[in-house]
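S.K.: structure, please.
(one chain, ligands or ions: 4)
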Amino acid sequence: MTNVPTRTLAAVGEDGLHLYTCPLCEAMCGLEIQVADGHVAGVRPNRSDVWSRGHICPKGASLGALHEDPDRIRTPMIKVDGQWQEVDWPTAFRRCTELLTPVIEQYGIGAVTAYTGNPLAHSFSLARYAGILLGMSGMPITYSPGTVDQWPKNLSSHLMYGGWWSFPVPDIERTDLLVVMGANPAASQGSLLAAPDVMGILGAIRRRGKVIVIDPVRTATADRADEWLPITPGTDAALLLAIVHVLFDEDLVNLGAMAPHLDGVDAVHDVAAEWSPDRVADATGITADRIRSLARELAATPRAVVYGRIGTCNQEFGSLASWLVDVVNILTGHFDVPGGSMFPTPAAWSVTVQPIPGLEDGAPEFGRYRTRVRGAKEVLGQVPVSCMAEEIATPGEGQLKALITVAGNPVLSTPAGHALDEALPGLDAMISIDLWLNETTRHADVILPGSSPLEQPHHDDLILNFAVHSFANYSAPVFAKADPDAPDEWEILIRLTGLLTGTPAEDVDVAAIDDGFFDYMCFTQGLDGAAVRAHYDHGGPERMLDLTLRTGPFGDRYGEKPDGLTLATLKGEPDGIDFGPMVPRVPEVLGTADQKIRLAPPYLLADVPRLAGRLTREPDDLVLVSRRHLRSNNSWLHNVGPLMKGRDRCTLLMHADDARRRGLSDGDLVSVTSTGGRIDVPVKVTDAIKRGVVSMPHGWGHGKPGTRLGVANASPGVNTNVLSPPDFLDEPSGNGALNGIPVTVVAASAW
Ligand SMILES: Nc1nc2c(c(=O)[nH]1)N[C@H]1C(S)=C(S)[C@@H](COP(=O)(O)OP(=O)(O)OC[C@H]3O[C@@H](n4cnc5c(=O)[nH]c(N)nc54)[C@H](O)[C@@H]3O)O[C@H]1N2
Ligand SMILES: Nc1nc2c(c(=O)[nH]1)N[C@H]1C(S)=C(S)[C@@H](COP(=O)(O)OP(=O)(O)OC[C@H]3O[C@@H](n4cnc5c(=O)[nH]c(N)nc54)[C@H](O)[C@@H]3O)O[C@H]1N2
Ligand code: SF4
Ligand SMILES: [Mo]
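M.R.: Ligands and ions are numbered 1, 2, ... in the order given. Now for the predicted structure:
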């Protein structure tokens, strides 16, 4: 960057200018944080950040308010006779030992589980150490929002590429035709697609080409696209199969350089033969002509790409849709080439993406175990998160008795969260690693708070796997830890892991477990851990980050490549280092035994008849989908005053014709009912939604007794996941179908 005046950066904890990467979402914006009198005086975009180049959103601008939130928990808390007491750390850990030891002695480790939530992916400390708790504690089944998010993509990537986190990412910086299915980056800022200012990049695509949005809702992204194709929720897979049909039928298939790396092209041809555009037009709501012309446009545009996100995952046919997005990109020659769908090259490899033991060769061996109550099958080591409530509530051998939550709020975020809310008080022990006393953590016996983000260093981990550029950027903490003796979250995880394997939490040898984990990570890179450890006088996430940078694609491999990257060199580049756009990675990236892309995994083909059944099903009168808002982050930014200004966001969007038919007017309170339950919410009448579809945001439903969320509780909203039936799933992956839920809507006064 030229013309940037030299800046003097302040040291950790001092007044002055700090550079910090926002940890809240995949945009990873570089921020300038001005500190005066020990407080955040201003947050501005860092225009010289090599990655984000000046992008910011209101959430990043509010990091100071988040840090200063008086409700943020700063001291460990234990519940005694129903009352919270603030205690010191040794006391809190002793309480964990008192609570968990009898559970394990009486019922075994099978009675203990964990729920690890979304912020893990963005946290310096948690992202690198969650694997210890999940991998070493012996808990047989743990839960996460993975199964209400990207599990179908994990599944299709595991089956196609032999890597459960090998996600191809749309190269939006170089494409001329972008088809967005089930994503709203105007709100989310991009997901499984890390790029700063996605909307700015979409604008640039429009100047040289075209953006098409396929979504039941005319979102802010659709408003800024060339075309909005309103689709019936849950029918993306049918649409994509029809596109594949046209590609074969009209001889438009172009495998390009992928041809020698593909297995199963004929099988895909045979399946798609049955799926003509005419067959799917009614069910999808998209005309056969438009399906045909879309296939032709994709085939005829040299740089084009289809991008599918949460709307194509959190639905009844999420696995098929996730698979078929990639199939269309492959068959049109838009795979592993600039402007198409490409595998990123993360500068630091992510410790969270280690192969799952037993599944390394890509063979699907799902259903290795099943849940006790519902008999749900394991897929890639996870069962549906909606099983957790019944596993706690249903008595008998194997009942869950203890729960550890780590940065998660499943009472609001998961299907039938209200059932979980009712089940949690039945636990013998619940420990939460969290920063707020919210709808979930109010049920805990112990809360162990981590530091505020601004008190932690930052470097991304998992998200770098989705980044359209390879880059690295380390941020030092802005503030020193308020309590210098407080353990970091990674240490908390290690103590709890030690406790679950038989050592009192307060006695766990944190350094020894950290070293063991580090040695294992070295082993995965063909290095001797003890020899590598000799380079360091410290452990923890910075050592792990240095390992993953140095053994990554640009690293120095501990001196083998003298000019290569190390954490030390990165610390000398406060605006980060850019290693350029995505590059072709097939076949080297493939983890399948024969290093081929499996275009037609039998496990997925077996689900096509279920999709066929969808085509002949009676159309639903009204179905519910989910939406996000720029100033929310799932359930947990509603306590930040500056982000809560403006109109009520927790409303039901409904098409004007649907409202009229029901005698409803804008602002009316309505009752929404599904087989899962009922909520009352104000209706927002609009023309920006497909008829027959209504939309709700998730993460609301605050105002519960025993929470400490002064701002959020004043505007509580309602929990849409009351309406998500726990057994409404994408069958192959077990992922929750949070979109396309049949509902009825009537005026609340009619009840
Ligand atoms: N501001 C903000 N940013 C966030 C988050 C947040 O809560 N707030 N959450 C973060 C997280 S955890 C995630 S996973 C990402 C998600 O990021 P995105 O995938 O961009 O998620 P949404 O913004 O919810 O957009 C999903 C879209 O799918 C549409 N949709 C619903 N059903 C269907 C369907 O069947 N077919 C199609 N084609 N479309 C459908 C919805 O109408 C909606 O417009 O966002 C992340 N970023
Ligand atoms: N209906 C519907 N439901 C959905 C979705 C949807 O689209 N529709 N989306 C789903 C998706 S994609 C996701 S990812 C899930 C999210 O599900 P969750 O991860 O369970 O929910 P969050 O609201 O992100 O909860 C974050 C928790 O982490 C805490 N926290 C924040 N920062 C930190 C930190 O640094 N350390 C610690 N220890 N704790 C921290 C917060 O206080 C909060 O309790 O929601 C899912 N639920
Ligand atoms: S878009 Fe907003 S929330 Fe996301 S990283 Fe940038 S400033 Fe943070
Ligand atoms: Mo998510």
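S.K.: could you give the number of residues near His39?
M.R.: 12 (other C-beta atoms under 10 Å). C-beta here means a position set from N, CA and C on the backbone, and glycine is covered the same way.
S.K.: quick one: contacts for it?
M.R.: For His39, the contacting residues are Gly64, Glu68, by C-beta atoms under 8 Å, 6 or more residues apart in numbering.
S.K.: with Phe579 instead?
M.R.: Contacts of Phe579 (C-beta under 8 Å, 6+ apart): Thr345, Ala347, His469, Ser470, Phe471, Ala472, Pro553, Phe554.
S.K.: what's the helix or strand where Asp514 lies packed up against?
M.R.: Applying DSSP states H and E as the criterion places Asp514 in helix 510-524. Using 3 or more C-beta pairs under 8 Å, 6 or more residues apart in numbering; DSSP states H and E as the contact test, the elements touching helix 510-524 are helix 124-136, helix 489-500, helix 529-533, helix 540-550.
S.K.: flag every buried residue along the shortest one.
M.R.: When you say that, I think you mean helix 529-533. Gly529, Val532, Arg533 (16 or more other C-beta atoms under 10 Å).
S.K.: these into CSV, with extra columns for distance to Arg374 and pLDDT?
M.R.: Output for those, formatted as CSV (distance: C-beta to C-beta, whole Å; pLDDT from 0 to 100):
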residue, distance to Arg374, pLDDT
Gly529, 41, 97
Val532, 45, 98
Arg533, 45, 98
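S.K.: what is the neighbour count of Leu159?
M.R.: 23.
S.K.: how close does the closest residue to it other than its chain neighbours sit to Asp507?
M.R.: For Leu159, ignoring the flanking residues on the chain, the nearest one in space by C-beta to C-beta, 6 or more residues apart in numbering is Pro601 at 3.8 Å. The spacing between Pro601 and Asp507, counted by C-beta to C-beta, to the nearest Å, is 47 Å.
S.K.: when these two are compared, which one has more neighbours?
M.R.: Pro601 (21 against 12).
S.K.: quick check: that one touching Met160?
M.R.: Yes: assessed by C-beta atoms under 8 Å, Pro601 is found in contact with Met160 at 6.4 Å.
S.K.: where does the residue nearest to Asn721 when sequence neighbours are not counted fall, phi/psi-wise?
M.R.: What sits nearest to Asn721 in space, not counting adjacent residues and going by C-beta to C-beta, 6+ apart, is Gly417, at 4.5 Å. Gly417 has phi and psi values of phi -60, psi -30 when expressed as degrees, to the nearest 10.
S.K.: would you list every one of the helices in the stretch 351-500 of the chain?
M.R.: Applying DSSP state H, counting those that start in this stretch to the stretch 351-500 of the chain gives helices spanning 388-393, 410-413, 417-423, 489-500.
S.K.: the bottom helix or strand of this structure by mean pLDDT?
M.R.: Between all helices and strands in the chain, the lowest mean by mean pLDDT, DSSP states H and E belongs to helix 124-136, at a mean of 94.
S.K.: gap between whatever helix or strand comes next after that helix and the chain center?
M.R.: Following helix 124-136 in sequence order, the next helix or strand is helix 151-161 (DSSP H and E). Mean-position distance between helix 151-161 and its chain equals 15 Å (C-alpha atoms, centre = their mean, to the nearest Å).
S.K.: I'd like the distance between Ile243 and Val325.
M.R.: From Ile243 to Val325 the distance is 10 Å (C-beta to C-beta).
S.K.: just name the most buried of the helices and strands packed on helix 510-524.
M.R.: When you average the neighbours per residue for each of the helices and strands packed on helix 510-524 (mean count of other C-beta atoms under 10 Å), helix 489-500 leads with a mean of 26.
S.K.: just the angle between that one and helix 510-524, please?
M.R.: If you take axes from the mean of the first three to the mean of the last three C-alpha atoms, to 10 degrees, helix 489-500 sits at 100 degrees to helix 510-524.
S.K.: residues contacting helix 489-500, please?
M.R.: With contacts defined as C-beta under 8 Å, 6+ apart, helix 489-500 is touched by 93, 96-97, 100-101, 104, 109, 112, 123, 125-126, 128-130, 132-133, 136-139, 404, 406, 431, 433, 448, 450-451, 487, 505-510, 513-514, 540-541.
S.K.: please repeat the previous calculation with a cut-off of 6 Å.
M.R.: Helix 489-500 has contacts (C-beta atoms under 6 Å, 6 or more residues apart in numbering) with 93, 97, 100, 125-126, 129, 132-133, 136-137, 433, 448, 450, 505, 508, 510, 513, 541.
S.K.: residue in this protein nearest to ligand 1?
M.R.: Here the chain gets closest to ligand 1 at one residue, Gly311, 2.4 Å apart by C-beta to the nearest ligand atom.
S.K.: state the pLDDT value of that residue.
M.R.: Here, the pLDDT recorded for Gly311 equals 98.
S.K.: tally of neighbours for it?
M.R.: Neighbour number of Gly311 under other C-beta under 10 Å is 29.
S.K.: show me what from the stretch 401-550 of the chain comes close to ligand 2.
M.R.: Counting by C-beta under 6 Å from any ligand atom, the stretch 401-550 of the chain comes close to ligand 2 at 406-410, 413, 433-436, 438, 450, 453, 489.
S.K.: could you single out the nearest of those residues to ligand 3?
M.R.: Proximity of these to ligand 3 was ranked by C-beta to the nearest ligand atom; the top entry is Pro453 with 10.4 Å.
S.K.: hmm, Ser733 is touching Asn154, no?
M.R.: No: when contacts are counted by C-beta atoms under 6 Å, Ser733 is not listed as touching Asn154 (7.5 Å).
S.K.: tell me which parts of this protein are close to ligand 3?
M.R.: Cys22, Leu24, Cys25, Ala27, Met28, Cys29, Ile56, Cys57, Lys59, Gly60, Gln189.
S.K.: for stretch 178-190, C-alpha coordinates in PDB please.
M.R.: The C-alpha trace of stretch 178-190 is given here as PDB (Å, rounded to 0.1, in the frame of the first residue of the first chain):
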ATOM      1  CA  LEU A 178     -22.100 -15.700 -10.000                       C
ATOM      2  CA  VAL A 179     -25.200 -17.700  -9.100                       C
ATOM      3  CA  VAL A 180     -25.900 -17.400  -5.300                       C
ATOM      4  CA  MET A 181     -28.100 -20.100  -3.900                       C
ATOM      5  CA  GLY A 182     -29.300 -19.800  -0.300                       C
ATOM      6  CA  ALA A 183     -26.900 -17.100   0.900                       C
ATOM      7  CA  ASN A 184     -27.300 -13.500   1.900                       C
ATOM      8  CA  PRO A 185     -23.900 -11.900   2.200                       C
ATOM      9  CA  ALA A 186     -25.500  -8.500   2.500                       C
ATOM     10  CA  ALA A 187     -26.300  -9.700   6.100                       C
ATOM     11  CA  SER A 188     -23.900 -12.500   6.700                       C
ATOM     12  CA  GLN A 189     -20.800 -11.000   5.000                       C
ATOM     13  CA  GLY A 190     -20.100 -14.400   3.400                       C
END
